[in-house]
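Participant: dropping the sequence and predicted coords here.
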Amino acid sequence: MNLPNKLTLGRIIIVPFFVAAMLIDFPAHYLIALALFVTASITDMLDGQIARKNNLITDFGKFADPLADKILVLAAFLCFVQLGLCDCVAVIIVLFREFTVTSIRLIAASKNKVIAANQWGKFKTVTQMVAIISIICMQSFLGFFSPEPLAQIFWWIGEVMVWISTVFTIISGVIYLVSNRHFINSR
C-alpha cells in the first residue's frame with residue numbers, strides 16, 4: 001500500500017477518535033476534536049498531492065479518498081446535530097447527496113469504471129471542512145469563555161456556514177449526476 005492510500009486510511013481511523021472528542025464532555029474536548037479534524041483534513045490535502053506528484057494514483061485511492069472525506073465530514077455534521085450546533089435538514093441534504101454519488105460510483109465500479117472526484121466535489125469538501133473547523137473553533141472559544149450572547153451569534157454564523165456548504169453540496173451533486181447519468185441509464 002502506497003503512502004497516499006495510507007494517509008487516506010489514516011483519515012478514516014481518526015474519525016472515531018474525533019467523534020469521541022466531540023461528544024464526550026471533558027476539559028478542552030473541542031480543542032482535541034479540532035486538532036484531530038485539522039489533522040485529518042491535512043491528510044486529505046497531502047494524499048492527493050503526493051499521489052499526483054509521484055504518479056501513485058490508484059483505483060483504490062480514487063474510490064477511498066472521496067469516501068474518507070464523506071465519512072469525516074458526515075461524522076462531524078452528525079455530531080453537530082447531536083450537540084444542537086446545526087440544523088438536521090442541511091445534514092439530510094448532504095447525506096442524500098453523498099449516498100447518491102456513492103451509489104453512482106458503485107454502479108460505475110461494477111462496469112470496471114472509476115469516477116474520480118471532480119473540481120466541484122473538491123470545492124464542496126473544502127467549504128464543508130471550513131464550516132466544520134470554524135464551528136469547532138467557535139465552540140472551543142465558548143468552552144473557555146462561555147458568554148451567552150456570543151453563543152447565539154456563533155450558532156447563527158455556524159448555521160450560515162453549514163448552509164453555504166450545503167448549497168455547494170447540491171450544486172456539485174447536480175453536476176455529478178448530469179456528468180454521470182449514463183451510468184444510471186445503462187444496463
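Facilitator: Cool, the structure landed.
Participant: this protein: strands as residue ranges?
Facilitator: In the chain, no segments count as strands under DSSP state E.
Participant: give the contact list for the most centrally placed residue in it.
Facilitator: Nearest to the mean C-alpha position of the chain, by CA atoms, centre = their mean, lies V73 at 2.6 Å. Listed by CB atoms under 8 Å, 6 or more residues apart in numbering, the contact partners of V73 are 94, 125, 128-129, 132. Where C-beta positions appear, they are placed from N, C-alpha and C, glycine not excepted.
Participant: flag the shaky bits of the chain, pLDDT-wise.
Facilitator: Within the chain, the stretches with pLDDT under 70 are 186-187.
Participant: could you pull out the buried residues of the top helix by length along the chain?
Facilitator: Longest helix in the chain by number of residues, with DSSP state H as the criterion: helix 148-179. For helix 148-179, a neighbour-count test (16 or more other CB atoms under 10 Å) marks 154-155, 158-159, 161-163, 165-166, 168-169, 172-173, 176 as buried.
Participant: adding distance to F18, write the residues you listed out as TSV.
Facilitator: What follows is these, written out as TSV (distance: CB to CB, whole Å):
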residue	distance to F18
F154	20
W155	21
G158	17
E159	21
M161	18
V162	17
W163	22
S165	18
T166	21
F168	22
T169	20
S172	23
G173	24
Y176	26
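Participant: now, which of these sits nearest D59?
Facilitator: Y176 (18.4 Å; CB to CB).
Participant: for N54, see how far away the closest residue to the closest one other than its chain neighbours is.
Facilitator: When the adjacent residues along the chain are set aside, Y176 lies closest to V101, with 5.4 Å between them (CB to CB, 6 or more residues apart in numbering). Between V101 and N54 the computed distance is 27 Å (CB to CB, to the nearest Å).
Participant: about what we covered before: and the buried residues of helix 148-179, which two are the farthest apart?
Facilitator: Checked with CB to CB, these reach their widest spread between F154 and Y176, with 32.1 Å between them.
Participant: sorry, back to before: show me which of the buried residues of helix 148-179 is closest to P147.
Facilitator: Once CB to CB is applied, the member of the buried residues of helix 148-179 that ends up nearest P147 is F154, at 9.6 Å.
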